[in-house]
Every structure is written in structure tokens, then in C-alpha cells.
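1. Build me a structure from this.
(2 chains)
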Amino acid sequence: MKKNTAPYLAPGHSACVGCGAALAMKLVLEALGENIILVIPACCWTIIEGANLCSCLPKTPVIHTAFETTAVVATGIKTGLEVQGQNEIDVVGWAGDGGTFDIGIQALSSAAEKNVDIMYFCYDNEAYMNTGVQRSGATPCGARTTTTPGGNILWKKNMPEIVAAHRVPYVATVSLAWPEDLQEKVAKARTIKGFRYIQICSPCPAGWKYEPRYAIKLARLAVETGIYPVYEIIDGKIIFKAMKPKPGAKLKPVEEYLKLQGRFRHLKEANIEEIQKRVVEERITLLKKAGLESPDFSYLLLD
Amino acid sequence: MEGKTRYISGNVAAALGAKLARIQVAPIYPITPATTVSEKISDLIDSNELQAKIIYVESEHSAMAACIGAAMTGVRAFTATSSQGLLLMNEMIHWAAGARLPIVMAVANRAICAPWALWADHNDTMSVKDTGWIQLYCTNAQEVLDTILLAYRISEQTLIPVMVIYEGFLVSHTYEPVIVPSQKDADKFLPPLKPKFKLDPKNPISFGTIIMMPDYAAQLRYRQNNDMLTVFQKSEEAAQEFESAFGRSSTAIVESHNTKTAQTILISMGTMADTAKEVEKNPDIGWIRIKMFRPFPSRQIQKIILDRVWDAFSLKRIIVLDRNLSCGQGGHLWQEIRSALYDVTWRCNPYCDKPKIFGYVAGLNGDDITPATIEEIIKHSQLALNDERPILWGKGGNIA
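-> The predicted structure follows:
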């Protein structure tokens, strides 16, 4: 067979300009390399891959499946490969936050609990974007969606820790603003056996309502403000590697992140203060779990 | 040809059929009355009699999704369910058919809730008759085992999934003598699966991508329909092969007896048909059993009904017995039979009426149907004038 010299993500995909999910796929596939099978449920990537039998993923076998079935279809494929002795192929789920946090959590929990040897990626754009921006369990507090026109009043579901509670060997969150870190984590996950979960903060211009050029800037600010912490959970232990909080380093004010996005434009000063307070609280809790509480505990707080 | 007679239940027969078919992946989820299929498969794997992997899923929806994933890699997948489980699976049942995957599923019929119901009727499988699956309704444990083997053969030739259907408890838990063929004979009948397409990193294909051209999507669905119509021929061929491999016959589509001269013909499915067979010893009563409900064998039924010694007016009435009810419309089999016989040329004496087609609904939620019940129904039909409405049968007769 001829060597497939095509790129992992070919030109002609149908993502929006400034879409985080398209870039995320490119980075992840490059890090995974060949010999994988991709499972895509209902999500933006159903459309992005290309309609009418044209795929923008020329190197990767793909199966499209129903919304809630990513983890279990991947399990079925993995088992089918195992009975044929093809153990070296990695089966990779690729779902949005709706398909992961909400409708897909039952099958995801089942696969995680049994430590099925698959990789699960959630590209988290924080709402049902493919259906036109409706609230999901991943939607952050304050964000306006078409079903929360006054702003979402609930805090985002803590999916990485929920998955980690299944005692899986590897969980990570990653940011598109640190592509080397992202690819390192993907490559590391590839070497681990068992259920691996990686959640990608994936800015969405249509849903977050930002200028396309700010996609990476927002991905960076989400981490720097502490809103979207980037860490690993290896065998239950929370570990910060890239973007490790250093003594003396301060989180950026959340306002810097919020003000660039139309979905937060309606927030009043008091709302932003509340969000700021909660982000700091969540940050302290997370760093405590990571064993980073002392002696420089104060550095976590804003001036 | 070798085989051993064993005393087993319908569910065990289904599991042994799956074992003889050398299934490779079995996602399982318990539900009464199908549970013992999964238990038997677990035993067979545990004792190394079956080289397959079980997937412990958390729902029937996931059981079918896992079957789809496994089948996409080119292996034989199998699962079993009932009632609410079948309903929960609904989305993936459609998906398996649309994806053209040769999956076989055993379904032990059970009534649908609410209220909570345990016993057999056909409402669960009738609710999925339009999903693009082949539906085969069995009458006893022997037929369940045989039909699993037939099902894989037909399914893999047509790329259409098959439901092997039998009534809960009445078949699933009733122990009967069953001839279990040898693995050697089964292997001769069912060669290893060689899929044309599968998920393979060496040959990357995207399956199930979105189609924005409506005419192309329609063409795919029409092709699915046309392939469904080839199932009759493939099933007859499979039944012939079955006979030469195992030295005994197994019904492929329909069975009939004494229909050429009888004044009354009884048409039914499942265990009710076996009971009706008792009554058919009366020379005035003909008997038809429908095994294949999808695709529906209209042509075959027309042929049986019209193939008479005297002209059609000697056929006074057709009685369709349904163990299911589509509220507001009557039994599903009755509707299909009326539709199948609507445009036949009844070669009648012009002074006589064409035969009436009565639709009797009986046996819902396991309500017992005995030969006496069927005799009563026949008697009732001899006095009945109106065949336009379904007759809802219960204790003491028509209770509508």
C-alpha cells in the first residue's frame, strides 16, 4: 500500500472562522498519529468533517454515531478489534460538551468505570453550539445562550473530576493556547492503557460571540484568569505541569476574559464580582487538592 | 449430520444458536424474560465453549450501540432483549439497519408498560416493525435455535439486521426437547463473516457522514428497501441449505396446511399458531402461520389463499389472530393481511360475497390462548357479520 501523505486535517472543512474545535482536531490527530479509529457522535464535528461523502480527515477511519453513544460505540469497536487480535489500534471518541457532560455521561461513566482501553476527547465549547447555542452542563455561570437569555445561573459541571472519580488512569484538561502542552498530554495518554479522558477548552466564535482573531487569546485568558484550569489527574492525583501556579504569580481578573465575549456582555459589575469570587474559591479548592496550599497560599488571591 | 437432543428452554436455545453461529462480541444487559440468554452466553464463554467477548453495558440502548461498534470492525455481534429494553434501544435499532450491519438480536416478547406487565404479547416487536430489520417470529425452542443460524446467514448476505422473536415465558422459559446440531454442521451452514467494508486504519473510510443531497439520501433508503425485497429468495435458499446441512427442515417465511378446501382459514403467528394447529385437524379449518413479518410476505400469502380446489367462494372467512393491538386500528397482522388481500382477484361466483377477513385480538399480556379459545373464536366468527372492526377477545367472548 502507498504511504498516505495527506495531512491529518485537509483543507475544505466546514468549521466557522475562528473555531477552536477544528484546530483542536488538527493538534490531537497530529499527536496521535496513525493507527487510530475515530468515533464522532452528533456534534459540530458531524458537520465540520464535511458533507456529501467528502471527508477532511483523509488519514483517519471515522464512524459517525448517535449523540449519547460515543463511549459505548468506542467500546464496541475496541472489543471487536481485540477479538481479532488487533490490540495496537487506539479507539478515540471525539464528542462535544453536550455529548459528554449531558446526554453521553451514562455511556461515558460505564466505559470509565470498567476502565475500557479507549481515549475520550471532549472539545468543550460550553453549550450546544451545533443546534445554535443552547445551555449545556458545561455552560459557565453568567453566559447568555438562546435558552438562558438572562444568563446561565448555574456553575459549570466539574467533568474532569467526575471522570477521575471512576479511578481511571488518566484525565487532563488542555488549552489551545499551549499547543505543545496539549500534544504532549495526548502523546502521553496514548502510551497509557485504560480509559483516558482529555477535555479541551474550545472557543466558539458563534456561541461565545467574539471576533475570530481572539480565539487563541481567549483560550489563553481562560487559563490565566483561573476560569478554565489546565491540569492532569494521574491515578487520582491532581498535577499541574504547564501553567503551574508560582508563588507571587497572580491570576488575571476574570473581567479581561469576559469583556471580549458577547455572551457575557449583559453582566453587571456585581455579577462579575460574584464570578470573580467563585473562581478564586474554586481555584483554592483545586490547588488544595493538588497539594499546593502551603506555605505560599496567599499568592492565589488577587490584590 | 450429527446432533444431540437436549432438554432446554427457548432462551438457552437462543444462546446455543448464537454459540453455533460463533458470535464474537455479545453486549449484554438483563431484562426479564430475555435475561437467561445472556446468562447462558456468559456460561458458555466462561467454560471456553464459546470464544467471544462480553461487553457489560449499562443499558439496552448501549447494548445495541456496542453491537454497532463491534459489527463495524467486521465481527459477529449478538444481543438479546425484551419489551422496555427494546423500546429504549429504538434509536440504535434504526441506526443498525441504516448502517447496513448484519447484527442478530433475540427478542423474548413481553407486554409494554404502563402498568407494569411481565407476560408475553407482540406489542414490543410490533412497535419496531418499521425500523428496517427483518422480523422472524418463532413458535418453539427448536425454531429459535434454528432461526438464529438462518438469521446470520440471511443477514450477512443482505446486510440487513434480523430480530429472532419468540414469546416470553411461553417459549423463553419452557423446556422442550431440542435437537442441537454439531458445530461441524453449523460451520458448514454458516461460513465465517467476510465483510466488504469495515473500520480499518490501513484503509481509512468515514462511515455515516452527513448527506446534504436529499436525492442521494433517498436513494440509500430505496436501496435498503429493495434489498429487503431480496430477503424472500435468500431465506428460501437458506432454508434449503439448512435442510441439506442438518437433515431436517426449518420454516423460512410462511407455513400452511389444509388451505385448499377449508371454509375457514386461521392466520396467526408465534405460539398462538401452534395452538391453532390443534384445531386445524377439523377439515373445514385451514391454517397459516406467518413466520416472517418483515419483509411482509404478501405474495406468498396471496398464493396460498387463492390456490384452491374449488372456486374462491368456497372460502367463507379468514380469521386473523393477533397477540398485539394498535389502539384505534386493531391487530397489526390483521391490517397486513387485509392490505395483502385487497387487490387479489377472488375468482368468485358473482352472486357470492368474497370471504370476510375477521381480526381477533387475543392473548395480550400473556392471556392464555387454549385450543378451546380458538374454537370459541371460530364459532363467534361464523355468526359475525361485520369484519370492519377488530374484535377484542377476552374471557367470555367479544369484550369490546
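2. can the longest helix anywhere in chain B be found next to chain A?
-> The helix that spans the most residues within chain B, counting by DSSP state H, is helix B:141-158. No. Against chain A, helix B:141-158 shows no contacts by C-beta under 8 Å from any C-beta of the partner chain, the least distance being 15.3 Å. Every C-beta, even on glycine, is put in place using the N, C-alpha and C of the backbone.
3. Which elements pack onto that helix?
-> helix B:10-20, strand B:104-109, strand B:134-137, strand B:162-167, strand B:176-181, helix B:183-189, helix B:231-246 (3 or more C-beta pairs under 8 Å, 6 or more residues apart in numbering or on different chains; DSSP states H and E).
4. Which secondary structure element is home to the residue in chain A positioned nearest to chain B?
-> Nearest residue of chain A to chain B, counting by C-beta to the nearest C-beta: residue A:76, 2.3 Å away. Residue A:76 belongs to helix A:70-83 when assigned by DSSP states H and E.
5. Direction included, what does the helix or strand just after that helix pair up with?
-> Heading C-terminal from helix A:70-83, the first helix or strand you meet, by DSSP H and E, is strand A:90-96. Its sheet considered, strand A:90-96 pairs with strand A:36-40 (parallel), strand A:119-124 (parallel) by DSSP bridges.
6. Please give the centre-to-centre distance between the next helix or strand along the chain from strand A:90-96 and its chain.
-> Per DSSP H and E, the first helix or strand lying C-terminal to strand A:90-96 is helix A:97. Mean C-alpha position of helix A:97 versus that of the full chain (C-alpha atoms, centre = their mean, to the nearest Å) differs by 8 Å.
7. Could you give the number of residues near residue A:72?
-> Using other C-beta atoms under 10 Å in any protein chain shown, residue A:72 has 36 neighbouring residues.
8. excluding its backbone neighbours, what's nearest whatever residue of chain B ends up closest to chain A?
-> Chain B approaches chain A most closely through residue B:69 (2.3 Å), counting by C-beta to the nearest C-beta. Beyond its immediate neighbours in the sequence, the residue positioned closest to residue B:69 (C-beta to C-beta, 6 or more residues apart in numbering or on different chains) is residue A:76, lying 2.3 Å away.
9. Then residue A:62?
-> Closest residue to residue A:62 apart from its sequence neighbours, by C-beta to C-beta, 6+ apart: residue B:206 at 4.1 Å.
10. and residue B:227, which of the three is it?
-> Following DSSP: H, G, I helix; E, B strand; the rest coil, we place residue B:227 in the helix state.
11. How many neighbouring residues does it have?
-> 17.
12. on that earlier part again, and the strands paired with strand A:90-96 as JSON lines, adding mean neighbour count, mean pLDDT and distance to residue B:156?
-> Output for the strands paired with strand A:90-96, formatted as JSON lines (neighbours: other C-beta atoms under 10 Å in any protein chain shown; pLDDT from 0 to 100; distance: least, C-beta to C-beta, whole Å):
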{"stretch": "strand A:36-40", "mean neighbour count": "27", "mean pLDDT": "98", "distance to residue B:156": "22"}
{"stretch": "strand A:119-124", "mean neighbour count": "28", "mean pLDDT": "98", "distance to residue B:156": "31"}
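13. TSV for those strands, including distance to residue B:28?
-> TSV is the format used below for the strands paired with strand A:90-96 (distance: least, C-beta to C-beta, whole Å):
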stretch	distance to residue B:28
strand A:36-40	21
strand A:119-124	22
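14. Now the residue of chain B closest to chain A: which helix or strand?
-> For residue B:69, the host element (DSSP H and E) is helix B:60-72.
15. Heading C-terminal from that helix, find the next helix or strand.
-> Following helix B:60-72 toward the C-terminus (DSSP H and E): strand B:78-81.
16. Neighbouring strands - and their directions - for that next one?
-> strand B:104-109 (parallel).
17. And the contacts of the helix or strand just after the partner strand?
-> Using DSSP H and E, the helix or strand that directly follows strand B:104-109 along the chain is helix B:123-126. With contact meaning C-beta atoms under 8 Å, 6 or more residues apart in numbering or on different chains, helix B:123-126 is reached by B:82-83, B:86-87, B:107, B:109-112, B:135, B:137, B:163, B:165, B:324-326, B:332, B:364.
18. repeat that for 10 Å
-> B:81-87, B:107-112, B:117, B:133, B:135, B:137, B:163, B:165-168, B:269-270, B:293-294, B:322-327, B:331-333, B:364-365 (C-beta atoms under 10 Å, 6 or more residues apart in numbering or on different chains).
19. With stretch B:384-400 instead?
-> B:317-322, B:325-326, B:328-331, B:334-335, B:338, B:355-364, B:367-369, B:373-374, B:376-377, B:379-381.
20. Now stretch B:92-101: buried residues?
-> Applying a neighbour-count criterion of 16 or more other C-beta atoms under 10 Å in any protein chain shown, one finds B:92, B:93, B:94, B:95, B:96, B:97, B:99, B:100, B:101 buried in stretch B:92-101.
21. I'd like the average pLDDT over that stretch.
-> If you average the pLDDT over stretch B:92-101, you get 98.
22. and if you look at stretch A:50-59?
-> 86.
23. And the contacts of it?
-> Contacts to stretch A:50-59, defined as C-beta under 10 Å, 6+ apart, come from residues A:4-15, A:22, A:25-26, A:29, A:33-34, A:36, A:38, A:40, A:45, A:48-49, A:61-62, B:201, B:204-206, B:209-213, B:216.
24. in terms of contact, does the residue of chain B closest to chain A touch residue A:80 like I think?
-> Yes. With contact defined as C-beta atoms under 10 Å, residue B:69 counts as touching residue A:80 (6.6 Å).
25. shared neighbours of the two, anything?
-> Common neighbours of residue B:69 and residue A:80, counting by C-beta under 10 Å, 6+ apart, are A:37, A:91, B:25, B:55, B:77, B:199.
26. Give me the neighbour count for the second one.
-> For residue A:91, the tally of surrounding residues (other C-beta under 10 Å) stands at 26.
27. So it sits against residue A:72, correct?
-> No. Residue A:91 sits out of contact with residue A:72 when judged by C-beta under 10 Å, with a separation of 11.3 Å.
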